[in-house]
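Engineer: return a 3D structure for these sequence lines:
(chains A and B)
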Amino acid sequence: MMLDIRAIRANPDEFRIGMTRRRMDPTIIDKVLALDEEWRKDLAEVERLKAVRNKASEDIARKKKAKEDATSEIEEMKKVSDEIKALDESVRSADEALKALLLELPNKPHDSVPDGLSEDDNVDMRHVGEVPHFSFDPLPHWDLAEALGILDIERAVKITGSRFVLYKGLGARLERALASFMLDVQTEHGYTEIFPAFIANDASLVGTGNLPKFGDEMFKLEGLPYYLIPTAEIPLTNYYRDEILSADMLPVKFAGYSSSFRSEAGSAGKDTRGLIRLHQFQKVELVKLVAPETSYQELESLVDDATRILDILELPYRVIEICTGDLGSKETKKYDVEVWLPNQKRYREISSCSNFEDYQARRANLRFRRDETSRPEFVHTLNGSGLAVGRTIAAILENGQQQDGSVRLPKALVPYMGGVEVIPAP
RNA sequence: GGAGUGAUGGCCGAGUAGGUCGAAGGCGCUCGCCUGCUAAGCGAGUAUACGCCCAAAAGCGUAUCGACGGUUCGAAUCCGUCUCACUCCGCCA
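Structural biologist: The predicted structure follows:
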């Protein structure tokens, strides 16, 4: 389950409005309600029959024990059992259809999310840092990187294929340094560092909402129910899947470093050069499991944790709020953090911070108990990148480039680079 | 990869010639009693999901003994498939 079927039953209009705000067809809600009704009708009947059968079974057992004859009851129960079998089947298929439909429904946007049709309607929240001015035409990061000998795209394509890269020398070191630096900052923010497996099973992907709907965005292992993770969100959010946490464990904060694998189906022709859109990239992902009443305030602090990296690296960025028309299907509210790329003369997404409320928690059966005696409740889950390493490298190169082709590194990175302050011009 | 053993409630652990078992017992936990304090002791309680009812609570019902399927009037108990864990062998970083 993903949306609460009881909430839909109680307030179908709210959900119809949610669909409409997302520019999707609200009549799907009526399909859900019809299926739900059918399922409950059959369920009530089959449960009634089972109650009859259970009673009769007790009688039969008692008679047998007393060495009495029970053949007439047994005969009668044969008929009831056949009915149960048939009804069970229709309950099962109605339930399956309902679950399948619910799994495909998107989450309901939060009331505070601005209405809009597309990304053009996203709302600028704030700009931080000075956009640098160059006395020369700033180069794109891929030209810089290849000239500096720290990125070898041609050979990466030979070894694997397009949309893969290979870092070399100080480039490889920069990748490593950034991962280390980001993890250090985020653990200081109270996140527990996690290094997960890069392959997850289908149940985990259903838990986070990547399946069943978005299977074609991932790489699947042939013949196995395993996928290369498209983000460390998968292992981090599923860490406590099917568990009940105690309230004092909340908020759970994980920072996971991993490669992320994306098939990029449907993005042919977009960002074909450089480090912006790859089949594999590394990032530090932040995941929080929180008490429901705190999730929107946790979302704000999540954005702060992500942008802190850019503050320290002195890279200019902006934060935008995503409108209903551009909101991903799992999210109730989302902010994107975008870093300035001088060559493209525009901001590009480097982190995306979202609240899912209980959407993933329902799917992953991820609950907590307020105190010993209270019933389990679903947690709220959030995540955001903190940050994507490849895009950070692109930003460092483009913003730090100097006339002679060398690149000045952010001061905070120097200790992680073994004292290197500048990647020297070739 | 080969051979074997196993999977029961928060934990440990009974229960296999099928019958009133959601499941003995212990531990833990909660509440109460008792006790200068603590410890011990005594009593009661202690799963989850869904449906019905409903303002809510209570109540009623169904399901759940790794998962799925089968046999049967009836399965924790029998049969099949799968998953996972452990042990030994092989292989390997």
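
Engineer: hey, where'd the strands end up in the stretch 251-400 of chain A?
Structural biologist: A:252-261, A:280-290, A:317-321, A:333-341, A:346-355, A:367-369, A:377-378, A:380-388 (DSSP state E, counting those that start in this stretch).

Engineer: which of those strands is buried the deepest?
Structural biologist: Comparing the strands of the stretch 251-400 of chain A by mean neighbour count (mean count of other CB atoms under 10 Å), strand A:380-388 comes out on top with a mean of 28. Bear in mind the C-beta positions are built from the backbone N, C-alpha and C, glycine included.

Engineer: so how far is it off the chain centroid?
Structural biologist: Centre-to-centre, strand A:380-388 and its host chain are 8 Å apart (CA atoms, centre = their mean, to the nearest Å).

Engineer: quick one on the thing from earlier: nearest to RNA strand B among the strands of the stretch 251-400 of chain A would be which one?
Structural biologist: When the strands of the stretch 251-400 of chain A are compared by CB to the nearest atom of the strand, strand A:367-369 sits nearest RNA strand B, at 6.9 Å.

Engineer: name the helices or strands packed onto the closest one?
Structural biologist: When contacts are defined as 3 or more CB pairs under 8 Å, 6 or more residues apart in numbering; DSSP states H and E, strand A:367-369 packs onto strand A:244-246, strand A:377-378.

Engineer: what's the helix or strand for residue A:7?
Structural biologist: helix A:5-10 (DSSP states H and E).

Engineer: buried residues in that helix?
Structural biologist: Within helix A:5-10, the residues that count as buried by 16 or more other CB atoms under 10 Å are A:5, A:8.

Engineer: is it anywhere near RNA strand B?
Structural biologist: Yes. On the criterion CB under 7 Å from any atom of the strand, helix A:5-10 is in touch with RNA strand B at A:5, A:6.

Engineer: pull the residues that contact that helix.
Structural biologist: Here helix A:5-10 makes contact (CB atoms under 8 Å, 6 or more residues apart in numbering) with A:14, A:15, A:29, A:32, A:33, A:36, A:98, A:102.

Engineer: let's see it at 10 Å
Structural biologist: Residues outside helix A:5-10 that contact it (CB atoms under 10 Å, 6 or more residues apart in numbering): A:4, A:14-16, A:29, A:32-33, A:35-37, A:39-40, A:98-99, A:102, A:105, A:108, A:358, A:362.

Engineer: of these, which ones also sit close to RNA strand B?
Structural biologist: Okay, of the contacts of helix A:5-10 touching RNA strand B (CB under 7 Å from any atom of the strand), that's residue A:40.

Engineer: any quick ChimeraX command for the buried ones out of the contacts of helix A:5-10?
Structural biologist: The ChimeraX selection below is limited to those of the contacts of helix A:5-10 classed as buried (16+ other CB under 10 Å):
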select /A:4,15,16,29,32,33,35,36,39,40,98,102,105,108,358,362
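
Engineer: tell me which of the contacts of helix A:5-10 fall in strands.
Structural biologist: Of the contacts of helix A:5-10, none are assigned to strands by DSSP state E.

Engineer: which residues of chain A score low on pLDDT?
Structural biologist: A:1-2 (pLDDT under 70).

Engineer: chain center to stretch A:26-42, what's the gap?
Structural biologist: 28 Å.

Engineer: what residues does it touch?
Structural biologist: A:3, A:5-6, A:8-9, A:12-20, A:25, A:87-102, A:104-106.

Engineer: recalculate using a threshold of 7 Å.
Structural biologist: A:5, A:8-9, A:12, A:15-16, A:19-20, A:87, A:90-91, A:94-95, A:97-98, A:101-102, A:105 (CB atoms under 7 Å, 6 or more residues apart in numbering).

Engineer: from these, which land in helices?
Structural biologist: Those of the contacts of stretch A:26-42 mapping onto helices are A:5, A:8-9, A:12, A:15-16, A:19-20, A:87, A:90-91, A:94-95, A:97-98, A:101-102, per DSSP state H.

Engineer: related to what we said a few turns ago, residue A:401: which of the strands of the stretch 251-400 of chain A is closest?
Structural biologist: strand A:333-341 (11.3 Å; CB to CB).

Engineer: pull out the CA atoms of the closest one and give them to me as CSV.
Structural biologist: This file holds the C-alpha atoms of strand A:333-341, laid out as CSV (Å, rounded to 0.1, in the frame of the first residue of the first chain):
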residue,chain,number,x,y,z
LYS,A,333,7.1,18.6,-1.1
LYS,A,334,10.5,19.2,-2.6
TYR,A,335,13.3,21.7,-2.8
ASP,A,336,16.1,21.5,-5.4
VAL,A,337,19.5,23.0,-4.7
GLU,A,338,21.1,24.2,-7.9
VAL,A,339,24.8,25.1,-8.3
TRP,A,340,26.0,27.8,-10.7
LEU,A,341,27.8,26.6,-13.8
